[in-house]
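>>> Sequence plus predicted model, see below.
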Amino acid sequence: MIKDLYDLSGKVALVTGGSRGIGRAICLAFAEAGADILLNYARSDKQADDVKRQIEAMGRKCVTVRADVSKFEQAQNLGKAVINHFGKVDILINNAGVNRDRTLRRMTPEQWNEVIQTNLSSLFNCTKAVIEPMIAQNSGVIVSVSSIIGEMGNVGQVNYASTKAGIIGFTKTMARELAGNNIRVNAIAPGFIETDMLGTVPEDIRKQIVAQIPLGRFGTPEEIALAVLFLCSPAASWITGITLRMNGGHYI
Ligand code: NAP
């Protein structure tokens with residue numbers, strides 16, 4: 001049956017940055033598709049608990065773990081937590097990310113390093129945290145959230161754009177390294193999505209951005225979550241090493 005190809009029943013997913021925005025939508029979509037969730041977040045205890053409650057209301061299990069994925073040891077603890085609670089890990093979603101926008105001339109080394117470590121080193125940290133159990137079970141799926149900015153560049157986002165381009169290289173290399181272990185590794189590159197992150201953009205700039213999007217609006221977290229669900233499902237069993245662009249035609 002076609003619908004069985006989108007079923008994640010019996011699967012366990014570790015989602016970083018699951019408390020808000022795109023990560024929250026991914027957690028809810030995965031739970032609806034039948035998966036149990038280890039939801040990681042950095043600070044938003046209340047939002048994380050809200051998502052957990054919604055997941056449990058769907059009859060799925062959810063464990064929330066506050067941890068900073070930019071820190072190697074904290075990420076390793078996430079890997080231990082998912083095994084301790086669920087006994088396995090089938091899916092890793094590298095979604096946590098931040099922006100600290102400045103032109104290069106104004107950007108401090110701290111702003112550069114914070115974004116590199118949170119958005120890119122976190123992929124190294126979290127993939128290392130889950131990869132041994134995935135190899136041992138000879139299956140797994142990893143999806144990382146890149147961005148249209150990684151392919152287009154953007155004034156004031158040299159730190160962010162570098163991480164999002166780096167995610168594409170990470171994904172291609174991991175797809176090659178792990179294919180023999182039956183682990184698929186893909187990325188998704190959203191355009192501009194209505195989340196707290198976009199809320200930091202002034203209204204006049206938002207209007208300018210929408211004017212550049214052929215489909216005439218920002219995307220929603222739920223639209224991105226559906227595509228991530230597809231990439232993690234058996235329906236995508238022959239897809240590895242890709243970066244799926246999803247941007248309303250903004251970057252064609
Ligand atoms: P968001 O609403 O700001 O949410 C960010 C999430 O990441 C939150 O759950 C946050 O946790 C978590 N997080 C941040 N730093 C973390 C850390 N060091 N360790 C663990 N978790 C951390 O952002 P979003 O818009 O949903 O973005 C999610 C991903 O999509 C990011 O990688 C972003 O770059 C990418 N993206 C976004 C857009 C867009 O237009 N929104 C477009 C393309 C790509 P707390 O709640 O605890 O702070």
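Alright, I've got the coordinates.

>>> Write out the residues of the chain neighbouring the ligand.
Counting by CB under 6 Å from any ligand atom, the chain comes close to the ligand at 16-23, 40-44, 47, 68-70, 95-98, 118-119, 145, 147, 190, 192-193, 195-198. In short, each C-beta sits where N, CA and C put it, glycine included.

>>> mind listing which of the residues you listed are in helices?
In helices, defined here by DSSP state H, the members of the residues of the chain next to the ligand are Gly21, Ile22, Gly23, Gln47, Asp196, Met197, Leu198.

>>> Give the full set of residues in contact with the last one.
Taking CB atoms under 8 Å, 6 or more residues apart in numbering as the contact definition, Leu198 lies against Phe192, Arg206, Phe218.

>>> try 6 Å
By CB atoms under 6 Å, 6 or more residues apart in numbering, the contact set of Leu198 is Phe192.

>>> What of Asn94?
Contacts of Asn94 (CB under 6 Å, 6+ apart): Thr16, Leu123, Cys126, Ser144.

>>> Distance from the chain centre to the top helix by length along the chain, please.
Looking across the chain with DSSP H, the single longest helix is helix 158-178. Remark: helix 158-178 is offset 13 Å from the chain centroid, using CA atoms, centre = their mean, to the nearest Å.

>>> List the contacts of it.
Residues outside helix 158-178 that contact it (CB under 6 Å, 6+ apart): 99, 104, 112, 115-116, 119-120, 123, 144, 146-147, 149-150, 153, 185, 187, 240-241, 243.

>>> hang on, the earlier thing: can you go through the residues of the chain next to the ligand and name the buried ones?
Buried members of the residues of the chain next to the ligand, counted by 16 or more other CB atoms under 10 Å: 16-23, 40-42, 44, 47, 68-70, 95-98, 118-119, 145, 147, 190, 192-193, 195, 197.

>>> Quick check: phi and psi on Pro202?
Note on Pro202: its backbone torsions stand at phi -60, psi 150 [degrees, to the nearest 10].

>>> Helices of the stretch 1-150 of the chain, start to end?
Along the stretch 1-150 of the chain, counting by DSSP state H, counting those that start in this stretch, helices occupy 21-32, 45-57, 72-86, 109-116, 122-137, 148-152.

>>> Distance-wise, check Phe230 relative to Phe30.
Noted for Phe230: a distance of 12 Å to Phe30, by CB to CB, to the nearest Å.

>>> Looking at the two now, which is surrounded by more residues?
Per other CB atoms under 10 Å, whichever of Phe230 and Phe30 has more neighbours is Phe30, with 27 against 17.

>>> Mind pulling up the pLDDT for the more buried one?
Phe30 carries a pLDDT score of 98 in this model.

>>> which residues does it contact?
Leu8, Ala13.

>>> CA-only coordinates of stretch 4-19, as PDB, when you get a sec.
C-alpha atoms of stretch 4-19 as PDB (Å, rounded to 0.1, in the frame of the first residue of the first chain):
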ATOM      1  CA  ASP A   4       2.500   2.100   4.300                       C
ATOM      2  CA  LEU A   5       5.500   3.700   2.500                       C
ATOM      3  CA  TYR A   6       5.100   6.800   4.700                       C
ATOM      4  CA  ASP A   7       4.600   4.900   7.900                       C
ATOM      5  CA  LEU A   8       7.200   5.300  10.700                       C
ATOM      6  CA  SER A   9       5.500   2.900  13.200                       C
ATOM      7  CA  GLY A  10       8.100   1.300  15.400                       C
ATOM      8  CA  LYS A  11      10.800   3.800  14.500                       C
ATOM      9  CA  VAL A  12      12.700   6.000  16.900                       C
ATOM     10  CA  ALA A  13      13.800   9.500  15.900                       C
ATOM     11  CA  LEU A  14      16.200  11.900  17.500                       C
ATOM     12  CA  VAL A  15      15.300  15.500  16.500                       C
ATOM     13  CA  THR A  16      17.600  18.400  17.500                       C
ATOM     14  CA  GLY A  17      15.900  21.800  18.000                       C
ATOM     15  CA  GLY A  18      12.500  20.200  18.400                       C
ATOM     16  CA  SER A  19      10.900  22.700  20.700                       C
END
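
>>> All good on my end, thank you.
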